[in-house]
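J.: Pasting a predicted model and its sequence here:
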Amino acid sequence: MALGAHQQLTVSGRQLAAVSGTAVRAGDDAFDRWVAERDRLEDQSISARYVSRDMLGYQQLDRYGDWQTDPTYGNVWYPRSVDADWAPYRDGQWVDIAPWGWTWIDAAPWGFAPSHYGRWARIGPRWAWVPGRANARPV
């Protein structure tokens, strides 16, 4: 059965017999609004300019840090609201996770991407995360 935009088909039984075909009004419930807001934030992501959208955890970077360009490292990310003596891999724990083995689990809500991709570099008095090439597939 062909369906147009904003239509849904309800079926039942093993033969998938059509029960009804009705129009759906998009954006009418809380879930639709939640999805629309997540899509909007992803579309406006600053971090997506600097890292692949395939990189797990990139979505948290916008909320918790800032991007700057460094002449040596290129585009780097600095975490916001960390102590002056903050350093990577201090606040978290190593956990044996199958099938990968010992994996760092950072305590910071933004810690996944910077702990598993790219590298950290000391730039002046601060630590900056250097993600590497934005168009590369993260591994």
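T.: Perfect, I can see it now.
J.: ok now do W127, which residues does it touch?
T.: Going by CB atoms under 8 Å, 6 or more residues apart in numbering, W127 touches Y78, P79, W86, A87, P88, W120, A121. In short, each C-beta sits where N, CA and C put it, glycine included.
J.: burial measure for V35, as a count.
T.: 13 (other CB atoms under 10 Å).
J.: C-alpha coordinates for the helix or strand it falls within, CSV please?
T.: Element membership of V35, judged by DSSP states H and E, is helix 30-43. This file holds the C-alpha atoms of helix 30-43, laid out as CSV (Å, rounded to 0.1, in the frame of the first residue of the first chain):
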residue,chain,number,x,y,z
ALA,A,30,6.1,15.3,23.8
PHE,A,31,8.2,12.6,22.1
ASP,A,32,8.0,14.4,18.7
ARG,A,33,9.0,17.6,20.4
TRP,A,34,11.9,15.9,22.1
VAL,A,35,13.1,14.3,18.9
ALA,A,36,12.8,17.7,17.0
GLU,A,37,14.9,19.4,19.7
ARG,A,38,17.6,16.7,19.6
ASP,A,39,17.7,17.0,15.8
ARG,A,40,17.9,20.8,16.1
LEU,A,41,20.9,20.6,18.5
GLU,A,42,22.7,18.1,16.3
ASP,A,43,22.1,20.3,13.2
